[in-house]
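Enquirer: curious how this folds, go ahead:
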Amino acid sequence: MNWFGKKKPTAPTTVSATSTARPTDPQTTIVTLRETIANQEKREEHIARKMEQMVQEAKAKMAKGDKKGALFAMKRKKLFEAEIDKIQNVKMTLETQVISLESAAQNAQTFKAMEAGSKTMKKIRTEVGIEMVDDIMDEIKEEMEMANEINEAISQPVDPLMADEDELLEELNALESADLEAELLAPPTKVSDFSLPTVPDSKLPALEQKEADDLKALEAELAGL
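Expert: Residues are numbered from 1 along each chain as shown. You can find the predicted model right below:
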């Protein structure tokens with residue numbers, strides 16, 4: 001209620017840069033979430049012990065006939081049960097966030113690796129284009145052809161008189177013709193100039209025995225007639 005008849009203007013609220021949540025590293029966030037889950041589990045264990053105490057307290061009061069006190073203890077037990085249900089729901093939400101963050105971080109890492117691979121391949125393709133490959137292949141072919149020509153040149157026989165073979169053959173044929181002509185024009189050789197071997201006066205023993213055998217065979221054949 002304005003007692004002075006004039007409403008005081010309210011200054012616009014500004015949100016400081018430090019109050020806004022900044023994205024952190026996924027691994028740091030995952031660690032924080034797991035620590036929160038661990039704290040929730042510790043709280044859950046503590047409340048479970050409280051529930052057990054309420055049960056024991058209700059039993060003790062019932063034994064003493066204090067139904068009102070036993071009922072109050074059971075109501076507190078119900079409150080603790082509801083709190084445990086909340087904690088379990090919170091734990092499920094935190095576990096879901098952890099799994100989602102781990103999957104997202106893995107996907108981001110995979111994407112970065114694939115992106116780096118794509119950039120590297122593009123860089124290599126830019127540095128080694130198809131034209132450069134064609135030029136290299138042409139140079140290799142030229143070098144191989146040059147090497148083959150060098151090998152053929154080295155393997156050829158080296159004979160300084162190879163070019164004069166035709167001339168030498170003509171000279172050799174001329175010498176053979178001159179020798180043949182000189183032989184034909186030479187005077188005939190006298191018979192007395194030849195020395196013949198002397199003929200033995202007596203027949204050889206083997207020839208005489210053969211003639212005797214032939215003569216006996218002829219006589220036997222004539223006698224049979």
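
Enquirer: for the longest helix anywhere in the chain, packing partners?
Expert: Using DSSP state H, we find that the single longest helix of the chain is helix 67-127. Judged by 3 or more C-beta pairs under 8 Å, 6 or more residues apart in numbering; DSSP states H and E, helix 67-127 is in contact with helix 26-63. For glycine as for every other residue, the C-beta is placed from the backbone atoms N, C-alpha and C.

Enquirer: helix or strand next in line after the longest helix of the chain, which one?
Expert: Downstream of helix 67-127, the next assigned helix or strand under DSSP states H and E is helix 130-155.

Enquirer: ok so, going back, specify the angle between the longest helix of the chain and helix 26-63 in degrees.
Expert: 170 degrees (axes from the mean of the first three to the mean of the last three C-alpha atoms, to 10 degrees).

Enquirer: from the chain's centroid, how far away is helix 67-127?
Expert: Distance of helix 67-127 from the chain centroid (C-alpha atoms, centre = their mean, to the nearest Å) equals 40 Å.

Enquirer: stretch 118-132 now?
Expert: Averaged C-alpha coordinates place stretch 118-132 at 20 Å from its chain's average position (C-alpha atoms, centre = their mean).

Enquirer: could you export that stretch as PDB, CA atoms only?
Expert: C-alpha atoms of stretch 118-132 as PDB (Å, rounded to 0.1, in the frame of the first residue of the first chain):
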ATOM      1  CA  SER A 118      38.100 -35.800 -43.200                       C
ATOM      2  CA  LYS A 119      40.300 -32.600 -43.000                       C
ATOM      3  CA  THR A 120      43.500 -34.700 -43.200                       C
ATOM      4  CA  MET A 121      42.200 -36.500 -46.200                       C
ATOM      5  CA  LYS A 122      41.200 -33.300 -47.900                       C
ATOM      6  CA  LYS A 123      44.600 -31.800 -47.100                       C
ATOM      7  CA  ILE A 124      46.400 -34.800 -48.600                       C
ATOM      8  CA  ARG A 125      44.200 -34.700 -51.700                       C
ATOM      9  CA  THR A 126      44.900 -31.000 -52.100                       C
ATOM     10  CA  GLU A 127      48.700 -31.600 -51.800                       C
ATOM     11  CA  VAL A 128      48.700 -34.700 -54.000                       C
ATOM     12  CA  GLY A 129      46.200 -34.000 -56.800                       C
ATOM     13  CA  ILE A 130      45.500 -36.300 -59.700                       C
ATOM     14  CA  GLU A 131      47.600 -34.100 -62.000                       C
ATOM     15  CA  MET A 132      50.600 -34.500 -59.800                       C
END
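
Enquirer: and that stretch, which residues are buried?
Expert: When burial is assessed from 16 or more other C-beta atoms under 10 Å, stretch 118-132 yields no buried residues.

Enquirer: and Gly129, backbone torsions?
Expert: Gly129 has phi and psi values of phi -80, psi 170 when expressed as degrees, to the nearest 10.

Enquirer: identify the residues contacting it.
Expert: Not one residue lies near Gly129 by C-beta atoms under 8 Å, 6 or more residues apart in numbering.

Enquirer: and it, what pLDDT?
Expert: Note on Gly129: pLDDT of 73.

Enquirer: next: Ile47.
Expert: So, for Ile47, pLDDT stands at 94.

Enquirer: and the one 5 residues further on, by the same measure?
Expert: Glu52 is assigned a predicted lDDT (pLDDT) of 94.
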